[in-house]
Structures are given as C-alpha cells and as structure tokens.
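[1] coordinates for the following, if possible.
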Amino acid sequence: MTASATSLPRMRPDPRHLDAALAGLLTLGALLEVWLGGDGGRHPLAAALMALATVAPIAVRRRWPTLVGVGVPALAAVDHAFLDPRFVGYPIANVCAMYALAAWTRPRGFVLGLALFV
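    Just a heads-up that it's a prediction; the model follows:
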C-alpha cells in the first residue's frame, strides 16, 4: 500500500528560522572572507564589524522590516565606500533587506525607506 502525496503531512519550516540560518551562513562567510580572504584590506577589524552589521540583521528582517530594510543598504553603502568588500553575501543581504522593506513594511515606513534611497 502506498500513500498518496496529498495524504502525507507537510513539513513547513518556520520562515524566521530560515532567515536566522541564512543570516548565520552569510555572517560566517563574510567573516571568513575578512579574516582569510583579505576582504577589507588593512582594516580587518572594521571590515569584520561592518560585515556583522550588514548581514546579521537578516535574521530579524521579519520582526523589524523597516529598520532592516533601511539600515542594511545604508551600512552597505558606507562599507563599499570605505572598505571595498567583495564577498558575494553582501548583495544577497541587500536583496533580502530590500524585500523586507517592500513586502512587510507599513506604507508610511515604506515611503520613508524609499525616500532615503532616492
């Protein structure tokens, strides 16, 4: 006897746990790039702190979408201006943050966030 696909229980992971796992992987990758790959040049401590500030907030993007959606791209702009990061996780973090701003922010917060970037 075989069970049909419709009778099997669905396992849906909690999206907040997926966000936390993604943030953990991006943070680990960014820090490894700073300490082992030379990202940040002669300022590894500043690069490591900026990496944490840029990718770690993805873990709480559903709880504070406006803060993450505005803060991550702003910090990333400062990071790119002074430290020239090359890790592939930074654009991923920016896209996740901007999605949080667009999808989960109330209209007033969205307009504020949009005004900061235009």
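[2] phi and psi next, for Arg63.
    Phi and psi for Arg63, reported as degrees, to the nearest 10, are phi -80, psi -40.
[3] show the contacting residues for it.
    When contacts are counted by C-beta atoms under 8 Å, 6 or more residues apart in numbering, Arg63 is found next to Arg16. Just so you know, the C-beta spots here come from the backbone N, C-alpha and C atoms, and that holds for glycine as well.
[4] roughly how far apart are it and Trp35?
    As defined by C-beta to C-beta, to the nearest Å, Arg63 lies at a distance of 29 Å from Trp35.
[5] pLDDT at Leu101, what is it?
    In this model, Leu101 is scored at 95, pLDDT.
[6] does it touch Val111 like I think?
    No: applying C-beta atoms under 8 Å, one finds Leu101 not in contact with Val111, separated by 10.5 Å.
[7] out of the two, which sits in the busier spot?
    Each of Leu101 and Val111 has its neighbours counted (other C-beta atoms under 10 Å); Leu101 has more, 26 against 11.
[8] and the more buried one, which of the three is it?
    helix (DSSP: H, G, I helix; E, B strand; the rest coil).
[9] and the residue nearest to it when sequence neighbours are not counted, how far from Pro85?
    Distance criterion C-beta to C-beta, 6 or more residues apart in numbering; nearest residue to Leu101, sequence neighbours excluded, is Gly69 at 2.5 Å. Gly69 is 20 Å from Pro85, where distance means C-beta to C-beta.
[10] who are the packing partners of the helix ranked longest in the chain?
    Counting residues, the longest helix found in the chain (DSSP state H) is helix 15-37. Contact partners of helix 15-37 among helices and strands, from 3 or more C-beta pairs under 8 Å, 6 or more residues apart in numbering; DSSP states H and E: helix 44-55, helix 89-104.
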